[in-house]
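Asker: how would this look folded up:
(4 chains)
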Number of protein chains: 4
Amino acid sequence: MNELQKEEITKALHDCMEACNYCYDACLEEDDVKMMSACIRLDRECADICGYTEQAIARDSAFVDEFLKVCALICRACEDECRQHDHDHCQHCADMCKRCADICEEFTA
Amino acid sequence: MNELQKEEITKALHDCMEACNYCYDACLEEDDVKMMSACIRLDRECADICGYTEQAIARDSAFVDEFLKVCALICRACEDECRQHDHDHCQHCADMCKRCADICEEFTA
Amino acid sequence: MNELQKEEITKALHDCMEACNYCYDACLEEDDVKMMSACIRLDRECADICGYTEQAIARDSAFVDEFLKVCALICRACEDECRQHDHDHCQHCADMCKRCADICEEFTA
Amino acid sequence: MNELQKEEITKALHDCMEACNYCYDACLEEDDVKMMSACIRLDRECADICGYTEQAIARDSAFVDEFLKVCALICRACEDECRQHDHDHCQHCADMCKRCADICEEFTA
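Answerer: Next comes the predicted model:
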């Protein structure tokens, strides 16, 4: 992973972490929270693994590839769930998850 | 902090982390998720800081006291919220949060 | 994963997290820290992923299997490194990493 | 905390997390690792709490102020230690820790 790739992946992970946490918070404020329960769960999962992977890249971990693979999987699951909801925060989160999953997959292909 | 205190605090933190995560999961399965939204939020906050503080104690961090103080505050907030709900998982979580907050406060007094 | 398995895995992860953090701390106190640098790195990696996986199990994450697989890999790497050093903390850490890796592998086989 | 402040603090935390992890990694590669042991420890402490606080801000945690206070304290300790070493990675890390501590203190004053 060169410096440019590091920056690109880190930015995607960071944007995704922020979008997931924002969506998590917003979902808990919705009128119909029950409908958002899978989304809330996945937002937390995705925010946590993205934050974790950012740290791993920053410390030049020997296991970055493994983290990126798990991260891609969780981002994809979060994207799929968020995409089903019309709320702006869900659609934005789905976009950030998609971009992050694409980059993680591309890098570990 | 001697070895016995370390064990006692670590156990309280660990039990609290597990009870909070269990409660978080169970709250998201309740019929009225909306009523549980503050509880869900605090469960995540509390589980995260308890897990964090366990790690800090294990690595003999120089900042254990600071983490314990924040931890006590969050445990107390989570206890207060959980106590208001009749679900078994909330009452159990409130008990574990209370015990953890008591121990953290006692140790940092 | 039934309740008994959950307890067994959680205990192995927790013991491993504690042994790794203890070893990390002790390695940084050794006379020849340079010789321990790979060990220090792996101790942090292993403590972090074990703590992360404990939280995932506690919240009944849908991605526990993926975390256990990565965890097994990192525990094995940490075991291999620690085993090469005669210090008690390294040998104990290697034992805890081995047990944790065995259980993670067994469960995800 | 308004959106602009959120961005400013998040950027400072993120830059600090990256500088600390980079410094941690580089310290472990130095010839005299023993001399860097306090730095390695503080780099990990500081990277972890900065990453934690970023997540807390992103999910609009009710405890952001408490995290920022602890974060400022740890950043200041890491700055003081790094400043004593001539390595570029230590001096850069000290700068990022200083900026982050300043912003955290300013915001929680």
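
Asker: which helices and strands does the lengthiest helix in chain A pack with?
Answerer: With DSSP state H setting the assignment, residue counts place helix A:3-27 as the longest helix in chain A. Applying 3 or more CB pairs under 8 Å, 6 or more residues apart in numbering or on different chains; DSSP states H and E, we find helix A:3-27 packed against helix A:37-58, helix A:64-83, helix A:88-108, helix D:3-27, helix D:37-58. All C-beta atoms are positioned from the backbone trio N, CA, C, and that covers glycine.

Asker: in a markdown table: those, plus mean neighbour count and mean pLDDT.
Answerer: Listed next are those as a markdown table, based on neighbours: other CB atoms under 10 Å in any protein chain shown; pLDDT from 0 to 100:
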| stretch | mean neighbour count | mean pLDDT |
| --- | --- | --- |
| helix A:37-58 | 24 | 98 |
| helix A:64-83 | 22 | 98 |
| helix A:88-108 | 20 | 97 |
| helix D:3-27 | 21 | 96 |
| helix D:37-58 | 24 | 98 |
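
Asker: who's in contact with A:Ala19?
Answerer: A:89, A:92-93, A:95-97 (CB atoms under 8 Å, 6 or more residues apart in numbering or on different chains).

Asker: of those, which is the nearest to B:Glu79?
Answerer: Checking the contacts of A:Ala19 against B:Glu79 by CB to CB gives A:His89 as the nearest, at 29.8 Å.

Asker: which residues of chain A lie near chain D?
Answerer: Within chain A, the positions lying close to chain D (CB under 8 Å from any CB of the partner chain) are A:10, A:14, A:17-18, A:21-22, A:24-25, A:47-48, A:51, A:54-55, A:58-60.

Asker: most widely separated two among the residues you listed?
Answerer: A:Asp25 and A:Asp60 (31.8 Å).

Asker: list of residues touching stretch A:31-42?
Answerer: Counting by CB under 8 Å, 6+ apart, A:20, A:23-24, A:27-28, A:30, A:74, A:77-78, A:81-82, A:85, A:90, B:28-29, B:31-34, B:36-37, B:40, C:62 sit against stretch A:31-42.

Asker: same deal with stretch A:64-72?
Answerer: A:1, A:9, A:13, A:49-50, A:52-53, A:56-57, A:61, A:100-101, A:104-105, A:107-108, C:63, C:66-67, C:70, C:73-74.

Asker: A:Glu79 and C:Cys39, how far apart?
Answerer: Using CB to CB, to the nearest Å, A:Glu79 is found at 38 Å from C:Cys39.

Asker: ok so, going back, just the angle between the longest helix of chain A and helix D:3-27, please?
Answerer: 140 degrees (axes from the mean of the first three to the mean of the last three CA atoms, to 10 degrees).

Asker: between helix A:3-27 and helix B:37-58, how many degrees?
Answerer: Using the same axes, to 10 degrees, one finds that helix A:3-27 and helix B:37-58 are set 140 degrees apart in direction.

Asker: so is the residue of chain A most remote from its centre in a helix, a strand, or just coil?
Answerer: Distance from the centre of chain A peaks at A:Asp31, with 24.2 Å (CA atoms, centre = their mean). When classified by DSSP: H, G, I helix; E, B strand; the rest coil, A:Asp31 comes out as coil.

Asker: and it, what are its phi and psi?
Answerer: Here is the backbone geometry of A:Asp31 (degrees, to the nearest 10): phi -60, psi -50.

Asker: neighbours of A:Glu29, how many?
Answerer: The tally of other residues near A:Glu29 (other CB atoms under 10 Å in any protein chain shown) stands at 12.

Asker: which non-adjacent residue is nearest it?
Answerer: Closest residue to A:Glu29 apart from its sequence neighbours, by CB to CB, 6 or more residues apart in numbering or on different chains: B:Ser37 at 7.5 Å.

Asker: go ahead and confirm A:Cys16 touches A:Cys46.
Answerer: Yes. Assessed by CB atoms under 8 Å, A:Cys16 is found in contact with A:Cys46 at 6.7 Å.

Asker: overlap of the contact sets of these two?
Answerer: Shared contacts of A:Cys16 and A:Cys46 (CB under 8 Å, 6+ apart): A:75, A:97.

Asker: got the contact list for the nearest residue to A:Met17 once chain neighbours are set aside?
Answerer: Once flanking residues are discounted, A:Met17 sits nearest to A:Cys50: 4.0 Å by CB to CB, 6+ apart. Contacts for A:Cys50 (CB under 8 Å, 6+ apart) come out as A:13-14, A:16-17, A:20, A:71, A:75, A:100.

Asker: could I get the residues you listed in JSON lines, plus columns for distance to B:Gln5?
Answerer: Shown next, in JSON lines, are these (distance: CB to CB, whole Å):
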{"residue": "A:Leu13", "distance to B:Gln5": "38"}
{"residue": "A:His14", "distance to B:Gln5": "38"}
{"residue": "A:Cys16", "distance to B:Gln5": "40"}
{"residue": "A:Met17", "distance to B:Gln5": "35"}
{"residue": "A:Cys20", "distance to B:Gln5": "37"}
{"residue": "A:Cys71", "distance to B:Gln5": "38"}
{"residue": "A:Cys75", "distance to B:Gln5": "41"}
{"residue": "A:Cys100", "distance to B:Gln5": "42"}
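
Asker: what is the nearest of those residues to C:Gln5?
Answerer: Distance to C:Gln5 across the contacts of A:Cys50 (CB to CB) is lowest for A:Cys71, with 25.7 Å.

Asker: the closest one and A:Asp31: what is the separation?
Answerer: Per CB to CB, A:Cys71 is found 32 Å from A:Asp31.

Asker: do the same with A:Ala72
Answerer: The value you get for A:Ala72 to A:Asp31, if CB to CB is used, is 33 Å.

Asker: next one: A:Asp95
Answerer: A:Asp95 is 23 Å from A:Asp31, by CB to CB.

Asker: just A:Tyr24 next, same as before
Answerer: Note on A:Tyr24: its distance to A:Asp31, by CB to CB, is 16 Å.

Asker: over to A:Lys11?
Answerer: Per CB to CB, A:Lys11 is found 34 Å from A:Asp31.

Asker: now swap in A:Cys90 and tell me
Answerer: 14 Å.

Asker: for A:Cys46, same thing?
Answerer: From A:Cys46 over to A:Asp31 (counting by CB to CB), the distance is 23 Å.

Asker: contacting residues for A:Ala77?
Answerer: A:42, A:45-46, C:62.

Asker: can you rerun that using 6 Å?
Answerer: By CB atoms under 6 Å, 6 or more residues apart in numbering or on different chains, the contact set of A:Ala77 is A:Leu42.

Asker: now A:Glu18
Answerer: By CB under 6 Å, 6+ apart, the contact list for A:Glu18 reads D:Ala58.

Asker: what about 8 Å?
Answerer: So A:Glu18 contacts A:96, D:10, D:58 (CB under 8 Å, 6+ apart).
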